[in-house]
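Visitor: just the structure for this:
(2 chains)
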Amino acid sequence: MTSLRILVPIKRVIDYAVKPRVNATKTAVTTSGVKMSMNPFDELSIEESVRLRERHKGAVADILAFSAGPAKAADTLRTAMAMGADRALLVELDEKRAGESDLEPLAVAKLLKEVVNGEGCNMVICGKQSIDDDSGQTGQMLAGLLGWGQATQAAKVEVQGDEVLVTKEVDGGEEVVRVKLPAVVTTDLRLNEPRYATLPNIMKAKKKPMEKKTLADFNVEFKKRLETVEVIEPPPRQGGGKVDSVDGLISRLKELGAI
Amino acid sequence: MTPARLIIRAIRRPGSIIHPFQRPVLLRLGGQRFNTTESHERPATTATATTSQKKQVRLTAESYPNIKRDSRFAKLTSEDVAHFSSICPVLSAESDDIEAFNTDWMRKYRGQTRLVLKPKSTADVSEILKYSNSRSLAVVPQGGNTGLVGGSVPIYDEIVISMNSMNNIRSFDPVSGILVCDAGVVLETADNYLADQGHIFPLDLGAKGSCHVGGNVATNAGGLRLLRYGSLHGTVLGVEAVLPDGTILDDLSTLRKNNTGYDLKQLFIGSEGTIGVITAVSIICPQRPSAQNVALFGVNTFEKVQETFIRAKRELGEILSAFELMDDTSQRCVAQVTGKKRPLDGEETKFYVLIETSGSNKEHDDEKLEKFLMALMEDETIADGVLAQDETQARNLWSWREGIPEVCGHWGGVYKYDVSIPLKELYSLVEDVKARFIEYGLLGEGEAVVDVVGYGHMGDSNLHLNVPVRSYDKRVEEVLEPFVYEWIQKRRGSISAEHGLGVAKREYVQYSRGETELSVMRSLKNHFDPKGIMNPYKYIKT
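Guide: Modelled structure (predicted):
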């Protein structure tokens, strides 16, 4: 079996249990004073990498957790290391510098390509999307830029020799795809159940190496291609009404044009 | 919310693979919302509730044959109904909905009321009581009807005064944090309202989606935030109540300090509707903490649990907001019933402790908590532990504590005791009860008793002793009672720490209260309610 050097990209996002609020200027979602956590799909990616190591003794040589974000993304990377990543790389973004506060998927993919080449990774396991932007593009773009195969929305991952078998949940059943390494795999919700960070592992994670870089260290062009026109809250839910009888229900439904 | 968030939320519901547990908010049964009031405890699962729905709940009057209808009370006439109808909306005996007011959420108690009144204002309540008192008609004030001791439902034909329609928030002062609201405001509604203002209701319990603020005060509910914010006797600043003769007692003070005579509102806190109807409360609400952490860890002995508690108080200080104890049996039950993977997968320990911190500065809290936990790990006071990394994990860890009452009913039934015991001996009760069941040959595979479970609010010296059984059995009851009560009496504990007395505990109050105390209580009751019309047959024997 090929010795695996896995890269797991991680994004620090608003905690999924927190209700996001739109800022006053309607340009973005408020993040200050809001609880931030690891993107849930990225948690699955880390968990899957660690499970690959546990399943295939000696096959996983390296698990590198990577993030590009504010200085506090270091906490998220520590969590990844407490879950089992070996080391971390943080590209610290200067929020005040134009274009750095919100990297677009293509920019992230280009950045990841540089990291893959620089670190000699042969497998990227990343979340199929981040729950803040919902772009769902980075993994695919990265595979394209690298010229690697890709298997998206993984519900099950098996490594066999130099191939990866990925099961995806599709309408009406499952689809199994085979991809040759090196490859990009994106993770779906039901892939696994991420573990808790145990206290001994949190202690160990403190001693694991974390390298810090800035965008200037990479030879990548970060041009903005997308423009956010407006960010608005979904309309509030209308309250329900009561009807007196079945006939009342039917006539009400007819009134609404539902039947 | 982005679609992905919605998907994750939808998928992370009970039964799904990822994070299968979410805090159940409320439970619908027979058209009415049911939940617990006096404790943070959870109602039985929806599944068990619906299956038992077909079976008629036994009348409380039959379960307690020694409680006879008091002949002093008049019987309801059609003139009475007509008079009440002129005061406020009523539900009469012909309505199907009346059963929901007669039965408690656990489906343990059922009364025989033929009239439910829904006052809209304090003046309505005053009119109702004035008339009832003059006619000697007994009444039961009812909030969210989520109690655990049968205090909120009638036994015979007492008229139910439902506070559902009195649900206005009267005022909130963001500077002092003082909230004034009607008694019928649902706790969660109050808390959500406060959240928008950056404040928090100083009480939290599992039934928050159904229980009323007035009911919480009337039963002196304890719950999950007591360790941090203290009991309602401290946070409630004022009460507006209607006395049995219709007099309105306006003690709705918004003052923190008021040393002018007897503190009358205190009498209403925990009075369970026996001396008047609480119609509004004013309560001081703290700032909502912006940072929370949850950790769960395994501890091998009760001595070490105590040591952990002392150190948590010392080292976490003001940010400690919960210290919950769970024994190994309770955790095994949760794992077995829910099928979830246990958070700590190493060797099993005798005890598990859940700690929550709440503060205003995440970095500060993280540092404190981490230092505290690492020190405990290093000197092996705790055997293993996990720290929640996000909100979902925090909720999941809580589910291992909050899910216990629910899973204990899984095998068919459960005997519940909610007791206060001096901390040092908190867990000995569980061990002693277990030893007794073994001695009597009632515990084990195929026997009546499944196991003996202990958990509770360590921070408040409050233990929940639960005995899950395969079926209710007289022999089990004989082993438990009066043994448990005598055991508690010997240690000067309380036989009801936060659930109150209601019907369930009124026979046993003497184990925690002396004759002198009881006689003062009786004369107080007699002073306020000489005709005895307020929530009769409950609380203490008159």
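
Visitor: who in chain A is up against chain B?
Guide: For chain A, the contact set with chain B under C-beta under 8 Å from any C-beta of the partner chain comprises A:15-20, A:33, A:35, A:37-38, A:40, A:79, A:82, A:129, A:131-134, A:189-190, A:193, A:196-200, A:202-203, A:234. C-beta here means a position set from N, CA and C on the backbone, and glycine is covered the same way.

Visitor: mind showing which ranges of chain B have poor pLDDT?
Guide: Applying pLDDT under 70 to chain B picks out residues B:1-55.

Visitor: now a ChimeraX select for only the buried ones of the residues of chain A next to chain B.
Guide: A single ChimeraX command is used to select the members of the residues of chain A next to chain B judged buried by 16 or more other C-beta atoms under 10 Å in any protein chain shown:
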select /A:15,16,17,20,35,37,38,40,79,82,129,131,132,133,189,190,193,196,197,198,199,202
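
Visitor: so for the top strand by length along chain A, mean pLDDT?
Guide: Of all the segments assigned as strand in chain A under DSSP state E, the longest by residue count is strand A:149-160. Per-region confidence: strand A:149-160 scores 95 on mean pLDDT.

Visitor: show me what that strand is packed up against.
Guide: helix A:40-55, helix A:138-146, strand A:163-170, strand A:173-180, strand A:183-187 (3 or more C-beta pairs under 8 Å, 6 or more residues apart in numbering or on different chains; DSSP states H and E).

Visitor: report the angle between that strand and helix A:40-55.
Guide: Per axes from the mean of the first three to the mean of the last three C-alpha atoms, to 10 degrees, the angle that strand A:149-160 makes with helix A:40-55 is 30 degrees.

Visitor: quick one: which of the residues of chain A next to chain B sit in strands?
Guide: With strands defined by DSSP E, the entries of the residues of chain A next to chain B inside them are A:37-38, A:197-198.

Visitor: now, the most widely separated pair of those residues?
Guide: In these, the most distant members under the criterion C-beta to C-beta are A:37 and A:198, with 17.6 Å between them.

Visitor: residue of the stretch 151-300 of chain B nearest chain A, please.
Guide: Ranking the residues of the stretch 151-300 of chain B by distance to chain A (C-beta to the nearest C-beta) places residue B:290 first, at 6.4 Å.

Visitor: could you report the neighbour count for the residue nearest to that residue when sequence neighbours are not counted?
Guide: Closest residue to residue B:290 apart from its sequence neighbours, by C-beta to C-beta, 6 or more residues apart in numbering or on different chains: residue B:360 at 5.6 Å. Using other C-beta atoms under 10 Å in any protein chain shown as the criterion, residue B:360 is surrounded by 13 other residues.

Visitor: same check, this time on residue B:417
Guide: One way to gauge burial is a neighbour count; for residue B:417, by other C-beta under 10 Å, it gives 22.

Visitor: next: residue A:187.
Guide: Residues near residue A:187, counting by other C-beta under 10 Å, number 30.

Visitor: swap in residue B:132?
Guide: By other C-beta under 10 Å, the residues close to residue B:132 number 26.

Visitor: now residue A:227
Guide: For residue A:227, the number of neighbouring residues by other C-beta under 10 Å comes to 5.

Visitor: repeat that for residue B:56.
Guide: The burial metric for residue B:56, expressed as a neighbour count using other C-beta under 10 Å, is 10.

Visitor: wait, is it part of a helix?
Guide: No - residue assignment for residue B:56, taken from DSSP: H, G, I helix; E, B strand; the rest coil, gives coil, which places it outside any helix.

Visitor: can you pull the contacts of the closest residue to it other than its chain neighbours?
Guide: For residue B:56, the nearest residue in space outside its immediate sequence neighbours is residue B:110; the separation is 7.8 Å by C-beta to C-beta, 6+ apart. With contacts taken as C-beta atoms under 8 Å, 6 or more residues apart in numbering or on different chains, residue B:110 has the following neighbours: B:56-60, B:102-104, B:153.

Visitor: out of these, which is most surrounded?
Guide: Within the contacts of residue B:110, most neighbours by other C-beta under 10 Å means residue B:153, with 28 neighbours.

Visitor: tell me the spacing between that residue and residue B:99.
Guide: In this structure, residue B:153 and residue B:99 are 10 Å apart, going by C-beta to C-beta, to the nearest Å.

Visitor: and what of residue B:520?
Guide: Here residue B:520 is placed at a distance of 38 Å from residue B:99 (C-beta to C-beta).

Visitor: quick one: distance of stretch A:250-259 to the chain centre.
Guide: For stretch A:250-259, the distance between its averaged C-alpha position and the chain's averaged C-alpha position is 43 Å (C-alpha atoms, centre = their mean, to the nearest Å).

Visitor: ugh, typo on my part, it should be stretch A:50-66
Guide: Its chain's average C-alpha position is 18 Å from that of stretch A:50-66, according to C-alpha atoms, centre = their mean.

Visitor: just stretch B:140-157 next, same as before
Guide: In this view, stretch B:140-157 has its centroid 13 Å away from the chain centroid, taken as C-alpha atoms, centre = their mean.

Visitor: what do you get for stretch B:302-315?
Guide: Taking C-alpha atoms, centre = their mean, the mean C-alpha location of stretch B:302-315 is offset from the chain mean by 26 Å.

Visitor: ok, and what's touching it?
Guide: So stretch B:302-315 is in contact with B:299, B:320, B:323, B:325, B:350-351, B:353, B:355, B:368, B:371-372, B:375-376, B:381-382, B:423-424, B:426-427, B:458-459, going by C-beta under 8 Å, 6+ apart.

Visitor: how about the contacts made by residue 213?
Guide: Unless you meant another one, I'm taking chain A. Contacts of residue A:213 were listed using C-beta under 8 Å, 6+ apart, and they are A:89-92.

Visitor: the chain in question should be chain B.
Guide: Each residue near residue B:213 by C-beta under 8 Å, 6+ apart is listed here: B:181-187, B:190, B:201, B:281, B:283.

Visitor: need these in TSV (columns: distance to residue A:145).
Guide: Shown next, in TSV, are the contacts of residue B:213 (distance: C-beta to C-beta, whole Å):
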residue	distance to residue A:145
B:181	59
B:182	62
B:183	64
B:184	62
B:185	57
B:186	54
B:187	54
B:190	54
B:201	52
B:281	63
B:283	59
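
Visitor: keep only those of those residues that are in strands.
Guide: Checked against DSSP E, the contacts of residue B:213 include these in strands: B:181-182, B:281, B:283.

Visitor: put together a markdown table for those, with neighbour count on each row.
Guide: Formatted as a markdown table, the entries for the ones in strands among the contacts of residue B:213 read as follows, by neighbours: other C-beta atoms under 10 Å in any protein chain shown:
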| residue | neighbour count |
| --- | --- |
| B:181 | 23 |
| B:182 | 24 |
| B:281 | 30 |
| B:283 | 24 |
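
Visitor: so which of those residues reach chain A?
Guide: Intersecting those with the contacts of chain A gives an empty set (criterion: C-beta under 8 Å from any C-beta).

Visitor: among these, which pair sits farthest apart?
Guide: With distances taken as C-beta to C-beta, the most widely separated pair in the ones in strands among the contacts of residue B:213 is B:182 and B:283, at 12.3 Å.

Visitor: what is the longest helix belonging to chain B packed up against?
Guide: Of all the elements of type helix in chain B, the one with the most residues (DSSP state H) is helix B:362-378. With contacts taken as 3+ C-beta pairs under 8 Å, 6+ apart, helix B:362-378 sits against helix A:199-207, strand B:291-299, helix B:302-316, strand B:351-359, strand B:384-387.

Visitor: residue B:454: what's it in contact with?
Guide: When contacts are taken as C-beta under 8 Å, 6+ apart, residue B:454 is in contact with B:325, B:327, B:329-330, B:427, B:429-430, B:463-466.
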